[in-house]
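> What follows is a predicted protein model with its sequence.
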Amino acid sequence: MAVELKILTWSCALLLVHIFAAAHLKTRQYGVKWNMGARDETLPPLNPLAGRLVRAQANFMETYPVAIVGLLGAVIAGQTSEMTAIGGWLWLAARAVYLPLYGIGVPVVRTLAYGVSMVGLALVFGAFVSG
C-alpha cells in the first residue's frame, strides 16, 4: 500500500478524535438529552475548552479536503515519491500536535504547528505537480 494511503488512513483516525473530543465536551456541558435531541434550542456559549476543540475541529475540516486531494491525487496519478511521503507525514504529525495545543490554549506554538502542516501540504503538492 502506498505510504500516502496509510497517511490518509491515520488522518481518518485523527478526524474521529477531533469529532469525538469536541462532541464529548459539548455533551458534558449541554447534557445527553441535548445530544440525543433535535438541538433546536438556543444554548449558552461553550466553555473555553469545548469551544477551542470545536474550533480546532472546524480548522481541521477546512484543510482536510486539500490534504485528501493532494495525497490521493499523488497515488492516483502515480506521482508518489519520498517527498509526497515526507510532506504527508509532516502534515499529519503537525495536525496531531495542533489539536492538544489548541485544546490547552497555547497560542503561538499552535499557529506554528498549523504552519508546519501547511509546509507539509506544500511539499506534497510541489512533488505531485512537478513530477
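Received the coordinates, thanks.
> got the buried residues for stretch 61-70?
Judged by neighbour count using 16 or more other Cβ atoms under 10 Å, the buried positions of stretch 61-70 are Y64, A67, G70. No exception for glycine: its C-beta is placed from N, CA and C like everyone else's.
> got it, and stretch 79-93?
Of the residues in stretch 79-93, 79-81, 83-85, 87-93 count as buried by neighbour count, 16+ other Cβ under 10 Å.
> hang on, the earlier thing: any chance of TSV for the buried residues of stretch 61-70, columns distance to G103, pLDDT and secondary structure?
Supplementary listing: the buried residues of stretch 61-70 in TSV, determined by distance: Cβ to Cβ, whole Å; pLDDT from 0 to 100; DSSP: H, G, I helix; E, B strand; the rest coil:
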residue	distance to G103	pLDDT	secondary structure
Y64	18	98	helix
A67	21	98	helix
G70	26	96	helix
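> Relative to P107, which of those is nearest.
Closest to P107 out of those is Y64 (22.5 Å), distances taken as Cβ to Cβ.
> Leaving out the residues flanking it, which one is nearest to that closest one?
Distances taken as Cβ to Cβ, 6 or more residues apart in numbering put L15 closest to Y64, at 6.7 Å, once the chain neighbours are dropped.
> which stretches of this protein have low pLDDT?
Residues of the chain that meet the criterion pLDDT under 70 lie in 131.
> got a list of what the residue nearest to Y64 touches?
Going by Cβ atoms under 8 Å, 6 or more residues apart in numbering, L15 touches F60, M61, Y64.
> if we can go back for a sec, and which of the buried residues of stretch 79-93 is nearest P100?
P100 lies nearest to A93 out of those, by Cβ to Cβ, at 12.5 Å.
> returning to what we had before: mind checking how far the residue nearest to Y64 is from P65?
Distance of L15 to P65, computed by Cβ to Cβ, to the nearest Å: 11 Å.
> Please apply the same query to T42.
Here T42 is placed at a distance of 31 Å from P65 (Cβ to Cβ).
> Thanks a lot, catch you later.
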